[in-house]
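**Student:** From the sequence below, what's the structure:
(2 chains)
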Amino acid sequence: MQVNDKTLKFTIFMLAFLAIVMAFVFIFVIPSIKEFKLKKAEYYAQIKEEKKLAQKEQELQKELEKLKKKYSTALEGFKQDFDEKAFLEMAKKYFQNVKLTPKETHKMESGLHIYEFQADFSALTPVKFYQFIDSLNQMKNIVKINFPVELDARNRTIALRFNMSVYRLLP
Amino acid sequence: MRSFIQPRKKRLLDKMSSLWLGFIILIAIGLIVFGILIHYKSSFYIKMLDNLHQKNGTALQKVKSLQKEIGLITMQGKLQQEVVETNRVLKESIQNMFDLIPDQITLTKVVMKKESLYLKGYTLNPESYTLLLEPPLKSIFTQTKVKFSKDERGRTVFESFSTIADQTLEDINASE
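**Tutor:** Residues are numbered from 1 along each chain as shown, chains lettered A, B, ... in the order given. Next up is the predicted model:
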């Protein structure tokens, strides 16, 4: 009878022990381990991402410097304010009468501003017009001559009329 | 019946039960400590993750702003090249147009568009125009139309309209 009592006690304690261990493992230990594993994996993923971003940033920085060097003239040109008086002074080197009429201004989302002008000039020969176009490409501003170009013979001069666009980038 | 010895005090738990209970408590404490340790480690990663998220967020913003700046610079560079090229093409087009004009023909008006060319001027006679100016115009444009008339001084005036698109002389007069 005493042996049977001991066996019963042993069984009860064993069951109690297993129940408590299982309860602690399922309620406390497993969720903690799961969370730990998850956070650890996320941490290393973020470390990887950090390295990737740093590398990307470095690459982009290099590319940016390269582009800034490559397009330095263009960048300077887009920053320049358009001085109408200075432009007309330059045009007077090639033409007799110079007149610039402002037309529309287009503003782009990127900050690009396009100022449209109508130019009315008169020249003695078309060669002056070619020279003027060459000098436009040497100007600090970005100036584009647009079609249509009209040339009209008047007395001994050629009256020229064309539209031109001045590009500027504003922040 | 009487016992000759005094009865011993009965323990609340016998030796074996105490051992079991102690063992169970020990294991439970061990599991709790293990759990706390793991939780502490997780908190460490959570804290580090917060910093990393913040750092990576800033880095991502920086990358995006660099990409935007690169895009803007590339746009400016390409646009400037396009402008220079357009001006060069325009200059060459006008030069080529004047090269086409023979000495027998005098121009009084030229309207040059992207896809068309309007010429007005004097010619010795319609044949001079047909022989000297029409062939080069026809080689460049898909359509060439001409109108001849006489001015008050009796000179032959021509008005020609050449295009690579489907337009007529009336179209250009209307667009003017």
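
**Student:** helix or strand right after the helix-or-strand element of chain A with minimal mean pLDDT?
**Tutor:** Each helix and strand of chain A was given a mean pLDDT (mean pLDDT, DSSP states H and E); the minimum falls on helix A:2-24 at a mean of 80. As assigned by DSSP states H and E, the chain's next helix or strand after helix A:2-24 is helix A:30-70.

**Student:** angle of that following helix against helix A:2-24?
**Tutor:** Using axes from the mean of the first three to the mean of the last three CA atoms, to 10 degrees, the inter-axis angle of helix A:30-70 relative to helix A:2-24 is 20 degrees.

**Student:** helices or strands next to helix A:30-70 in the packing?
**Tutor:** Helix A:30-70 sits against helix B:15-100, with contacts defined as 3 or more CB pairs under 8 Å, 6 or more residues apart in numbering or on different chains; DSSP states H and E. Backbone N, C-alpha and C define where each C-beta goes, glycine included.

**Student:** Now do the helix it packs on against helix A:30-70, angle only.
**Tutor:** 20 degrees.

**Student:** Show me how far helix B:15-100 is from its chain's centre.
**Tutor:** 22 Å (CA atoms, centre = their mean, to the nearest Å).

**Student:** Same question for stretch B:107-119.
**Tutor:** 35 Å.

**Student:** Quick one: mean pLDDT for it?
**Tutor:** Mean per-residue pLDDT for stretch B:107-119: 91.

**Student:** Straight-line length of that stretch, end to end?
**Tutor:** Stretch B:107-119 stretches 7 Å from its first residue to its last (CA to CA, to the nearest Å).

**Student:** Could you see whether chain A lies near that stretch?
**Tutor:** Yes - counting by CB under 8 Å from any CB of the partner chain, chain A has neighbours in stretch B:107-119: B:107, B:108, B:109, B:110, B:111, B:112, B:113, B:114.

**Student:** Can you turn the buried part of the residues you listed into a ChimeraX selection?
**Tutor:** Typed into ChimeraX, the line below selects the buried ones among the residues of stretch B:107-119 next to chain A, using 16 or more other CB atoms under 10 Å in any protein chain shown:
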select /B:107,108,110,111,112,113
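
**Student:** Run the contact check for the least confident helix or strand of chain A versus chain B.
**Tutor:** Yes - contact of helix A:2-24 with chain B (CB under 8 Å from any CB) involves A:6, A:9, A:10, A:13, A:16, A:17, A:20, A:21, A:24.

**Student:** for the residue nearest the centre of chain A, helix, strand, or coil?
**Tutor:** Nearest to the geometric centre of chain A sits residue A:110, at 8.5 Å (CA atoms, centre = their mean). Secondary structure assignment for residue A:110 (DSSP: H, G, I helix; E, B strand; the rest coil): coil.

**Student:** Quick one: residues contacting it.
**Tutor:** Neighbouring residues of residue A:110 by CB atoms under 8 Å, 6 or more residues apart in numbering or on different chains: A:169, B:72, B:75.

**Student:** Scan the residues you listed and report the most crowded one.
**Tutor:** residue A:169 (21 neighbours; other CB atoms under 10 Å in any protein chain shown).

**Student:** What's the local residue count around residue A:141?
**Tutor:** 19.

**Student:** Quick check: it touching residue A:165?
**Tutor:** No - here residue A:141 lies out of contact with residue A:165, judged by CB atoms under 8 Å, at a distance of 10.5 Å.

**Student:** Residue B:160 versus the spatially most central residue of chain B, what's the distance?
**Tutor:** Note on chain B: the residue nearest the mean C-alpha position is residue B:71, at 7.2 Å, using CA atoms, centre = their mean. Look at residue B:71 and residue B:160: by CB to CB, to the nearest Å, they are 46 Å apart.

**Student:** Which element, helix or strand, includes residue B:107?
**Tutor:** strand B:105-112.

**Student:** Could you list every helix and strand in contact with that strand?
**Tutor:** For strand B:105-112, the packing partners by 3+ CB pairs under 8 Å, 6+ apart are strand A:142-154, helix B:15-100, strand B:116-123.

**Student:** Pop out the phi and psi values for the residue nearest to the centre of chain A.
**Tutor:** phi -70, psi -10 (degrees, to the nearest 10).

**Student:** One more: the one 3 residues further on?
**Tutor:** Main-chain torsions, residue A:113, degrees, to the nearest 10: phi -110, psi 130.

**Student:** In contact with it: list those residues for me.
**Tutor:** Contacts of residue A:113 by CB under 8 Å, 6+ apart are A:105, A:106, A:107, A:167, A:168, A:169, A:170.

**Student:** Show me those residues that map onto strands.
**Tutor:** Residues of the contacts of residue A:113 located in strands (DSSP state E): A:105, A:106, A:107, A:167, A:168, A:169.

**Student:** Excluding residues flanking it in the chain, which one is nearest residue B:95?
**Tutor:** Using CB to CB, 6 or more residues apart in numbering or on different chains and skipping the chain neighbours, the partner closest in space to residue B:95 is residue A:130 (6.3 Å).

**Student:** Verify the stated contact: that neighbour with residue B:93.
**Tutor:** No - contact status for residue A:130 versus residue B:93: not in contact, 11.0 Å apart, counting by CB under 8 Å.

**Student:** between these two, what contacts are shared?
**Tutor:** Counting by CB under 8 Å, 6+ apart, nothing touches both residue A:130 and residue B:93.

**Student:** And stretch A:45-58, how far out from the chain middle?
**Tutor:** 20 Å.
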